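*Asks:* Provide a 3D model corresponding to the input given below.
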Amino acid sequence: MAEQEISHGKTAAAKESPKASNPLRLVIAAVVVLGALLWGGSRVYHSFLYVETDNAQIEGDVYPVISRIPGRVQQVFAADNQLVAKGDTLALLDPADYEVRLAMASAALDNAKASVAAAGEAATAAAATRRKLGADLRRSESLRRQDVISPSEFDAVHAAATASSAQYSASESQRKAAEAQVELREAELRNARLQLSYTAITAPAAGHVSKKNIQPGQYVAPGQQLIALVGSSDLWVVANFKETQLENIRPGQSVTIRVDAYPSEEFEGKVESLSAGTGSRFALLPPDNASGNFVKVAQRVPVKIVFTDNPGSDVKLAAGMNVIVEIRVK
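*Replies:* Residues are numbered from 1 along each chain as shown. The predicted structure is shown next:
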């Protein structure tokens, strides 16, 4: 009998234990549901104030370093990822051929100047002869009217004066042609100096050396890209928003930028401009909706966002990094 009472007591306690724990479970469940409602409500409220996309990257200017003349690479001063300033010499081509051309152009200019001097002397002599024979002609005309000289003598003086005028005109033409040659040779000399200066390949802007494709001994051609400089002084973000998100986006709106490389950092920015075309419109093979294979897809429009705060020296942002942006639209 006592054993039955003990067994009955245990059964009653076991039945009462779940009932005793039910209020705690209800409280926990209520807290979880309330937290979910608060979180969901905050996200819904947030969606009314902000538009967000993770289809965004940091962009920067990329400057191509090209050779303007053909030549063999003599020295390379640039190293991978090196920070260079505008005007720094990155490589040097063999200048021997261009130094010879410069010397030839200089000698041609000296020769042209000598020709100008000779033509000037000839023109001066011709001018003096023309003046003398012109004066002789005027005296002969007076003497002929007085019948002091014969017609044949007057004709000889007249012919000599006419010839001197023609000779003067020819000498003036030669002088002008020689002066034109001087101008041509001066231009050739300037061009030779310019070509020689191109043997020093310099940085078109400040930035970091990237995609270095130049080695000593290599022969380069005009227009060949040798180095790419990624500018580091001016970076911005291009965010590709869906066209359905653009209704309330305007230039000047504040933006929160989170970089994947620095998940604990947030940067401030602002909308600078919106693209006039979708990204697909500028693709290599843009879609042709008139082809009959039309499938409506939400297009993305690039939005340019600029940084409004300085990231700081401990943050190394680089072009191509992925970011998440939020634009406050209300």
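
*Asks:* When you work out contacts or count neighbours from here on, use the C-alpha atoms and nothing else.
*Replies:* Noted.

*Asks:* The protein: strands as residue ranges?
*Replies:* 50-66, 71-76, 83-84, 89-93, 200-202, 207-210, 219-220, 225-242, 254-259, 267-274, 300-307, 322-328 (DSSP state E).

*Asks:* which residues are in contact with the fifth one?
*Replies:* Translated: strand 200-202. 65-67, 86-93 (CA atoms under 8 Å, 6 or more residues apart in numbering).

*Asks:* any low-confidence regions in the chain?
*Replies:* 1-21, 39, 41-48, 144, 232-233, 284, 287-294, 312-313 (pLDDT under 70).

*Asks:* what does the domain assignment say about it?
*Replies:* With domains defined by automatic domain parsing, the chain comprises 62-94+200-223, 96-196.

*Asks:* could you dump stretch 92-101 to PDB, C-alpha only?
*Replies:* These are the backbone C-alpha positions of stretch 92-101, laid out as PDB (Å, rounded to 0.1, in the frame of the first residue of the first chain):
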ATOM      1  CA  LEU A  92      64.100  55.100 -70.900                       C
ATOM      2  CA  LEU A  93      64.500  54.100 -74.600                       C
ATOM      3  CA  ASP A  94      67.800  54.000 -76.400                       C
ATOM      4  CA  PRO A  95      68.300  57.600 -77.500                       C
ATOM      5  CA  ALA A  96      71.300  57.000 -79.900                       C
ATOM      6  CA  ASP A  97      69.200  57.100 -83.100                       C
ATOM      7  CA  TYR A  98      67.300  60.200 -82.000                       C
ATOM      8  CA  GLU A  99      70.500  62.000 -81.000                       C
ATOM      9  CA  VAL A 100      71.900  61.400 -84.500                       C
ATOM     10  CA  ARG A 101      68.600  62.800 -86.000                       C
END
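
*Asks:* so V62 makes contact with L235?
*Replies:* No: V62 is beyond contact range of L235, at 10.7 Å (criterion: CA atoms under 8 Å).

*Asks:* As a markdown table, the strands of the chain with mean neighbour count and distance to F282 would be great.
*Replies:* As requested, the strands of the chain are exported to a markdown table (neighbours: other CA atoms under 10 Å; distance: least, CA to CA, whole Å):
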| stretch | mean neighbour count | distance to F282 |
| --- | --- | --- |
| strand 50-66 | 19 | 17 |
| strand 71-76 | 18 | 37 |
| strand 83-84 | 18 | 32 |
| strand 89-93 | 20 | 34 |
| strand 200-202 | 21 | 32 |
| strand 207-210 | 22 | 26 |
| strand 219-220 | 17 | 32 |
| strand 225-242 | 20 | 13 |
| strand 254-259 | 20 | 26 |
| strand 267-274 | 19 | 15 |
| strand 300-307 | 22 | 11 |
| strand 322-328 | 21 | 21 |
